[in-house]
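Novice: Compute the structure for the input listed below.
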Amino acid sequence: FPMNRFSPFSWPCAVALLVLIGAGCSVEPDVQYGLEPLQLQSSTADKDRAKTIDQWISILHADLFGTALGSAELFDIKQAFESIGDQDIARETLVANFMQNPEVQLPSQEAMLADSDQFVEATYVRFLVRYPTQAERTWMRNYIQNTPTVTPELVYSSFALSAEYLHY
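Specialist: Below you'll find the predicted structure:
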């Protein structure tokens, strides 16, 4: 482009400006960002063996009563259990019957509400033989504190009937 003597640009300035612009522009390196895939596993991932009916009944009795079940009682319960065609209904019936027994060891409603974090941790350890994750702990604490009808009996029944409780 023609320059006159009154132009603020001169040829040396224009060339220097083009060199600076050219030097400042470079091709960006090919950088890729991303996340590596994370393998999520369910809470039962380490528990891949199903309990037998005998094991489930015996462990349930120990978890609810704190004592071992006698062989004669186990035999009677197992016979009644197997006479019901639907095993889920049989489990629900057995848990409900156990909960009717005054000897079942349940914390009080007041104790559950007073220290729900301790209640949640103790329940996970008692039934699932593991500590709850932070997400499980938070969800359970919020559920207990925000649901006035929840009782220790309902929580224990839910854990006893969970899929994870059926495995070891």
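Novice: if I read this right, Arg141 contacts Ser116, doesn't it?
Specialist: Yes: taking contacts as Cβ atoms under 8 Å, Arg141 lies within contact range of Ser116: 4.7 Å. Any C-beta I mention is one placed from the backbone N, CA and C, and that applies to glycine too.
Novice: Mind listing what's buried along the helix or strand where Met99 lies?
Specialist: For Met99, the host element (DSSP states H and E) is helix 87-100. Buried residues in helix 87-100, counting neighbours by 16 or more other Cβ atoms under 10 Å, are found at 90-91, 94-95, 98-99.
Novice: Just the residues contacting the helix or strand following that helix, thanks.
Specialist: Moving toward the C-terminus from helix 87-100, the first helix or strand encountered (DSSP H and E) is helix 109-114. Helix 109-114 is contacted by residues 119, 144-145, 151-152, 155 when judged by Cβ atoms under 8 Å, 6 or more residues apart in numbering.
Novice: Reformat those residues as JSON lines; add neighbour count, distance to Ala135 and pLDDT.
Specialist: Listed next are the contacts of helix 109-114 as JSON lines, based on neighbours: other Cβ atoms under 10 Å; distance: Cβ to Cβ, whole Å; pLDDT from 0 to 100:
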{"residue": "Phe119", "neighbour count": "19", "distance to Ala135": "17", "pLDDT": "97"}
{"residue": "Ile144", "neighbour count": "19", "distance to Ala135": "15", "pLDDT": "96"}
{"residue": "Gln145", "neighbour count": "12", "distance to Ala135": "16", "pLDDT": "95"}
{"residue": "Thr151", "neighbour count": "17", "distance to Ala135": "23", "pLDDT": "97"}
{"residue": "Pro152", "neighbour count": "20", "distance to Ala135": "22", "pLDDT": "97"}
{"residue": "Val155", "neighbour count": "20", "distance to Ala135": "17", "pLDDT": "97"}
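Novice: and which of those residues is nearest Ile57?
Specialist: Nearest to Ile57 out of these is Val155 (Cβ to Cβ; 20.2 Å).
Novice: can you give me the helices for the protein?
Specialist: 11-24, 53-65, 71-83, 87-100, 109-114, 116-128, 134-146, 152-160 (DSSP state H).
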